[in-house]
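Novice: coordinates only, sequence not included:
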Ligand SMILES: Nc1ncnc2c1ncn2[C@@H]1O[C@H](COP(=O)(O)OP(=O)(O)OP(=O)(O)O)[C@@H](O)[C@H]1O
């Protein structure tokens with residue numbers, strides 16, 4: 001599910017998993033640390049933590065993985081369990097609303113089991129407090145009864161390893177953050193790493209693809225393996241229906257043009273926002289709500305869905321006076337940047353924009 005309610009459900013470049021992703025992802029996940037591509041620093045640090053624990057014959061410290069969706073946190077948690085030869089239990093913060101839900105899970109863990117808690121920042125407060133004690137002392141207090149007669153019955157837990165995942169490490173209360181012995185910060189992937197991801201997935205999906213085509217898909221995948229795997233599947237469809245199934249760079253490019261994902265990974269909405277900012281407002285500054293009206297979207301959609309990637313790519317900046325386009329934005333849309341910022345070299349052309357809207 002998308003972290004943003006405002007994100008269109010069928011968006012090809014979302015980092016959130018849809019139903020099809022979930023069905024296919026299980027087959028595409030690397031199983032061991034050596035097969036996991038990229039994230040060199042996290043991989044090396046984690047490998048030391050795991051190797052040391054194996055040598056001591058003890059459960060490793062609890063692990064926190066932070067970073068944007070689709071970068072491989074769930075995959076890494078499964079790899080941790082596999083490397084330890086331990087079973088894994090998977091749950092998520094929103095699924096644990098009562099302390100009792102968590103007590104039920106914790107008390108049924110086997111010794112050494114890995115508990116993967118996705119979206120750990122979305123757990124309820126009482127559950128979170130129970131987790132503190134469980135992580136530190138492998139013990140929970142189960143409250144029996146209500147009101148003045150309530151009693152706390154201590155329950156010993158087998159040693160386990162918690163792997164918490166969060167997209168918002170900053171939202172975790174410090175007492176929870178401090179109880180993790182190791183935090184791995186996941187970064188967006190470099191194009192060459194994503195190219196390897198695409199190549200590996202293509203082999204698993206039995207798709208014939210050449211290196212230039214894998215690079216073409218990687219370049220449009222916004223640094224995110226989940227998006228790379230999804231774009232690969234759409235390219236595969238195109239190659240199968242319109243050609244003989246073999247994917248080269250030209251076919252990959254044509255396929256992604258059909259799906260309106262451009263060479264840099266911008267989709268129709270991203271480009272509409274940039275286009276309005278440049279052509280209608282001369283590159284800004286312009287207020288968010290005005291910009292949103294110009295593209296016919298809710299301000300929330302523009303702010304939460306389109307802007308983060310445009311800002312990350314250095315195409316748009318948020319300033320106290322409003323949104324402004326960077327020189328890179330002008331270049332990306334093939335327009336000439338103004339000599340003076342805020343005064344577009346291209347005069348406002350509302351009719352051009354209106355025509356594009358009509359074509360949609
Ligand atoms: N380093 C990698 N090498 C190869 N494939 C990867 C890598 N990282 C992620 N993937 C693939 O990307 C997909 C998404 O990964 P995963 O589900 O682990 O992401 P996530 O960070 O847990 O996302 P979310 O936070 O949305 O659950 C999976 O199919 C996985 O196989």
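Specialist: Sure thing, it's come through. Since this is a predicted model, take the numbers as computed values, not measurements.
Novice: now do the same contact list for the residue of the chain found nearest the ligand.
Specialist: Proximity of the chain to the ligand (CB to the nearest ligand atom) peaks at residue 72, 2.7 Å away. C-beta here means a position set from N, CA and C on the backbone, and glycine is covered the same way. By CB atoms under 8 Å, 6 or more residues apart in numbering, residue 72 lies in contact with 36, 39, 186, 225.
Novice: do residue 24 as well
Specialist: 205, 229, 233.
Novice: tell me the one of those residues nearest residue 325?
Specialist: residue 229 (31.2 Å; CB to CB).
Novice: distance between the ends of stretch 135-146?
Specialist: For stretch 135-146, the first-to-last residue distance is 26 Å (CA to CA, to the nearest Å).
Novice: buried residues in that stretch?
Specialist: 135, 138, 140, 141, 142 (16 or more other CB atoms under 10 Å).
Novice: specify which member of these is nearest to residue 158.
Specialist: Nearest member of these to residue 158, counting by CB to CB, is residue 138, at 7.1 Å.
Novice: that closest one against residue 154, yeah?
Specialist: No - with contact defined as CB atoms under 8 Å, residue 138 does not reach residue 154; the gap is 11.1 Å.
Novice: the contacts of residue 72, buried ones only, as a ChimeraX selection?
Specialist: The ChimeraX selection below is limited to those of the contacts of residue 72 classed as buried (16+ other CB under 10 Å):
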select :36,39,186,225
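Novice: please narrow the contacts of residue 72 to those residing in helices.
Specialist: With helices defined by DSSP state H, the entries of those inside them are residue 225.
Novice: any chance of the contacts of residue 72 in JSON lines, plus distance to the ligand and pLDDT?
Specialist: Converted to JSON lines, the contacts of residue 72 look like this (distance: CB to the nearest ligand atom, whole Å; pLDDT from 0 to 100):
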{"residue": "36", "distance to the ligand": "5", "pLDDT": "96"}
{"residue": "39", "distance to the ligand": "6", "pLDDT": "96"}
{"residue": "186", "distance to the ligand": "7", "pLDDT": "95"}
{"residue": "225", "distance to the ligand": "4", "pLDDT": "96"}
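Novice: of the buried residues of stretch 135-146, which are in range of the ligand?
Specialist: For the ligand, no contacts are drawn from these by CB under 6 Å from any ligand atom.
Novice: give me the subset of those residues lying in strands.
Specialist: Counting by DSSP state E, the buried residues of stretch 135-146 place 140, 141, 142 in strands.
Novice: what does the stretch 101-250 of the chain put close to the ligand?
Specialist: When proximity is defined as CB under 6 Å from any ligand atom, the stretch 101-250 of the chain approaches the ligand at 118, 197, 225, 226, 229.
Novice: what pLDDT is listed against the first one?
Specialist: The reference is to residue 118. Looking at residue 118, its pLDDT reads 96.
Novice: what stretches of the protein score poorly on pLDDT?
Specialist: The model of the chain has pLDDT under 70 over residues 1-6, 9, 340-360.
Novice: give me the most central residue, it.
Specialist: Most central in the chain under CA atoms, centre = their mean is residue 69, positioned 1.6 Å from the mean C-alpha point.
Novice: leaving out chain neighbours, which residue sits closest to that residue?
Specialist: Using CB to CB, 6 or more residues apart in numbering and skipping the chain neighbours, the partner closest in space to residue 69 is residue 15 (4.3 Å).
Novice: before we move on, what about residue 228?
Specialist: residue 221 (3.8 Å).
Novice: same thing with residue 321?
Specialist: Excluding the flanking residues, the one nearest residue 321 by CB to CB, 6+ apart is residue 285, at 4.2 Å.
Novice: ok, residue 197 next?
Specialist: Residue 197 sits nearest to residue 225 (CB to CB, 6+ apart), 4.8 Å away.
Novice: that neighbour contacts residue 73, doesn't it?
Specialist: No - when contacts are counted by CB under 8 Å, residue 225 is not listed as touching residue 73 (11.0 Å).
Novice: what are the ranges of the helices in the stretch 251-360 of the chain?
Specialist: 268-275, 288-295, 299-301, 307-312, 327-332, 350-359 (DSSP state H, counting those that start in this stretch).
Novice: will you turn those into CSV that also has distance to residue 61?
Specialist: As requested, those are exported to CSV (distance: least, CB to CB, whole Å):
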stretch, distance to residue 61
helix 268-275, 40
helix 288-295, 43
helix 299-301, 39
helix 307-312, 31
helix 327-332, 42
helix 350-359, 54
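Novice: is it possible to get JSON lines of the ones you listed that adds mean neighbour count?
Specialist: Formatted as JSON lines, these follow (neighbours: other CB atoms under 10 Å):
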{"stretch": "helix 268-275", "mean neighbour count": "22"}
{"stretch": "helix 288-295", "mean neighbour count": "18"}
{"stretch": "helix 299-301", "mean neighbour count": "16"}
{"stretch": "helix 307-312", "mean neighbour count": "17"}
{"stretch": "helix 327-332", "mean neighbour count": "18"}
{"stretch": "helix 350-359", "mean neighbour count": "11"}
